[in-house]
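Undergrad: Have a look at this prediction, sequence included:
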Amino acid sequence: MYHIIVNPAAKSGRGRKLWFRIESELIKRKVPYEVYFSKQAGFVIKHVKELTQNYNKENHPEPLKLIILGGDGTINETLQGIDDFSRVEIGYIPTGSSNDMARDLKLPKDSLEILNTIISGKTRHVMDIGAVSFNDGRAPRYFAVSSGMGFDAAVCVDVFTSKLKKALNKVGLGKLIYLAIALKQIITAKKVSANIYLDNNEEPIHYQKFLFAAGMVHKYEGGGFKFCPDADHTDGLLDICVVGNLPKVIIPFALPASFAGKHFIFPGVDSYRCKTMRIEVSKPLWIHTDGEIEAPTKKVEMTCYQQKLHMLC
C-alpha cells in the first residue's frame, strides 16, 4: 500500500494535472494506494504525523511507504511530520517550480519513469537531512535540501508573494523570478555583521558586511543556483556558502555565476564544510528551510544528520 500526498497547487496547478496521469497508471497496474490532497498550510505536517503514528501503533513489519507529488516545500513539510525516519520510505515525484532535490538526484523528467522506479522497489538509498535549531523556543525544523539565513531567505519571502511567479511558471521560466528578486534583495540589503562558528571551534569567522549563509545537503537551491557544487547528500556534512564583505558592484556578476557553481572565484564568496554551523547576526534576518519561511531571528544552529532519510527513487 502506498500513501500518496499531492500538492495540487504546485507549479500553478501542475500537481493536479500530473496526479491524473499517475492515478491512471496505478489503476492500470492494480497498485493499492490511498491519496490525500494538501489543501492548506500545515495539512501535510499534521497528516503525515497522524499517518505515521497510526501506522506504527498497528505494528506493521514494513516501513510506511509515502509518495510525494509536490515541490521541495512539500518534501519539507513531510519531514516535519516524521518522528521515526527508519519507519518511513519516501518516493518523490517533483511537480514544483524549483525541484532542487530532484535536480541534484538527477531524477528523470518523465513522472511515469520515476513512478516505475518507486513501485519496482529496486532502487533504495539513504540521504542526509539537516535541522535548524532556534534559541527562542521554536521547535527545530528539518530540511532536505538547504537552509539559509539572510538574503536567500528574504528572496523566498518575496517570491512567495510575487504575482509574476505564477505567470512565469506557466511558460516554464519560473527560475527567472528568483534571479530578478535575488538581484533586488542584494542591492537593497542593509548592513549586518555576523559571527559564524563551525563545529566545536569557538573562534568565530567574522563578517562585517554579511549577506547570507546557506547550509546545504544538496548542490542547488532557489531553482538552480549551484551554491555548493561539491555537496554530497550522504557524507554527513553540510556544505556551506557564505557571502559577505562583497562589493555590490561585483554582485551582478557573482550571482549569475552561481548557476554554474563558479561563484567562489569572487572574493567575499566563501565555502566551508562542517557537521554543525552556528550563526549570530547583529540584526534579525529571515531564515528558510527548503524555501519554507521562518520568522526573522538573530541566532540559529544548523546540524547535519547522516543518512537519515530513506528514499525509493
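TA: Okay, I see it. Numbers count the residues shown, from 1 in each chain.
Undergrad: And residue 101, its phi and psi?
TA: Dihedral pair for residue 101: phi -70, psi -40, per degrees, to the nearest 10.
Undergrad: hey, C-alpha coordinates of the longest strand anywhere in the chain in CSV?
TA: Ranked by residue count, the top strand of the chain under DSSP state E comes out as strand 292-311. What follows is strand 292-311, C-alpha atoms only, in CSV (Å, rounded to 0.1, in the frame of the first residue of the first chain):
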residue,chain,number,x,y,z
GLU,A,292,9.8,27.5,3.6
ILE,A,293,10.0,30.7,5.6
GLU,A,294,10.7,31.0,9.3
ALA,A,295,10.4,34.3,11.2
PRO,A,296,13.5,36.6,11.4
THR,A,297,15.9,35.7,14.2
LYS,A,298,19.4,36.7,15.3
LYS,A,299,20.8,33.3,16.2
VAL,A,300,20.5,29.8,14.6
GLU,A,301,22.3,26.5,14.6
MET,A,302,22.3,24.1,11.6
THR,A,303,23.2,20.4,12.0
CYS,A,304,23.6,17.6,9.5
TYR,A,305,22.2,14.1,10.4
GLN,A,306,23.9,11.4,8.2
GLN,A,307,21.8,9.0,6.1
LYS,A,308,18.6,9.6,7.9
LEU,A,309,16.1,9.8,5.0
HIS,A,310,15.1,6.6,3.2
MET,A,311,14.2,7.2,-0.4
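Undergrad: I figured residue 192 was touching residue 210, is that so?
TA: Yes: using C-beta atoms under 8 Å, residue 192 is in contact with residue 210, at 5.1 Å. All C-beta spots, glycine's among them, are computed from the backbone N, C-alpha and C.
Undergrad: Among these two, which residue is more densely surrounded?
TA: Taking neighbours as other C-beta atoms under 10 Å, residue 192 and residue 210 compare with residue 210 leading, 27 against 20.
Undergrad: Check the gap between that one and residue 17 for me.
TA: Distance of residue 210 to residue 17, given as C-beta to C-beta, to the nearest Å: 42 Å.
Undergrad: picking that back up, joint contacts of residue 192 and residue 210?
TA: Among the neighbours of residue 192, those also in contact with residue 210 (C-beta atoms under 8 Å, 6 or more residues apart in numbering) are 150, 281.
Undergrad: Partner strands of the longest strand of the chain, with direction?
TA: Strands adjacent to strand 292-311 in the sheet, as given by DSSP bridges, are strand 88-94 (parallel), strand 125-134 (antiparallel), strand 276-289 (antiparallel).
Undergrad: residues of it that come out buried?
TA: 292-294, 297-298, 300-304, 308-311 (16 or more other C-beta atoms under 10 Å).
Undergrad: I'd like the residues you listed written out as CSV, with distance to residue 222 and pLDDT added.
TA: Shown next, in CSV, are these (distance: C-beta to C-beta, whole Å; pLDDT from 0 to 100):
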residue, distance to residue 222, pLDDT
292, 13, 91
293, 13, 90
294, 16, 90
297, 20, 94
298, 23, 96
300, 19, 97
301, 22, 97
302, 17, 98
303, 22, 98
304, 20, 98
308, 23, 96
309, 21, 97
310, 26, 96
311, 22, 96
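Undergrad: what angle separates the helix ranked longest in the chain from strand 88-94?
TA: Counting residues, the longest helix found in the chain (DSSP state H) is helix 10-28. Angle, helix 10-28 to strand 88-94, by axes from the mean of the first three to the mean of the last three C-alpha atoms, to 10 degrees: 120 degrees.
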